[in-house]
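Undergrad: Next comes the sequence, and after it the predicted model I'd like to discuss.
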Amino acid sequence: PVREWVDVLATLVDRLNLSASAALERRIVSSLLLGLLYVAPGHAKLPWCVTRVTEMLDEELDVAGKLETAMILLAYCNI
């Protein structure tokens, strides 16, 4: 079931208006990164997700949001 969710979200993420909310973008892209990492590590969208999550760490985020984002990136790096 997670693979189906990841495939659908990966095709929709480019069409979503994520610029309207930094917190929403962080949650969606970070979730997609974890989903791709665990069920589709060879997916073409994975490098984009890693890059975008890394970029988010340099953006204006609250401390909790920055920590959550960094932990997701750390999970990617560890695997």
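TA: Sure, I can see it.
Undergrad: Quick check: chain neighbours aside, which residue is closest to residue 29?
TA: Excluding the flanking residues, the one nearest residue 29 by Cβ to Cβ, 6 or more residues apart in numbering is residue 52, at 5.2 Å. The C-beta positions use only the backbone N, C-alpha and C, and glycine is treated the same way.
Undergrad: Just give me how far the helix or strand containing that neighbour sits from the chain centre.
TA: Assigned by DSSP states H and E, residue 52 belongs to helix 46-56. Distance of helix 46-56 from its chain centroid, counting by Cα atoms, centre = their mean, to the nearest Å, is 7 Å.
Undergrad: returning to that earlier point: just give me the neighbour total for the residue nearest to residue 29.
TA: For residue 52, the count of nearby residues is 18 (other Cβ atoms under 10 Å).
Undergrad: where in the protein is pLDDT low?
TA: By pLDDT under 70, the chain has no low-scoring segment.
Undergrad: Out of all residues in it, which is the farthest from the middle?
TA: Residue farthest from the centre of the chain, counting by Cα atoms, centre = their mean, is residue 1 at 18.2 Å.
Undergrad: quick one: that residue from residue 33, how far?
TA: Residue 1 sits 18 Å away from residue 33, going by Cβ to Cβ, to the nearest Å.
Undergrad: Same question for residue 4.
TA: Applying Cβ to Cβ to residue 4 and residue 33 gives a distance of 17 Å.
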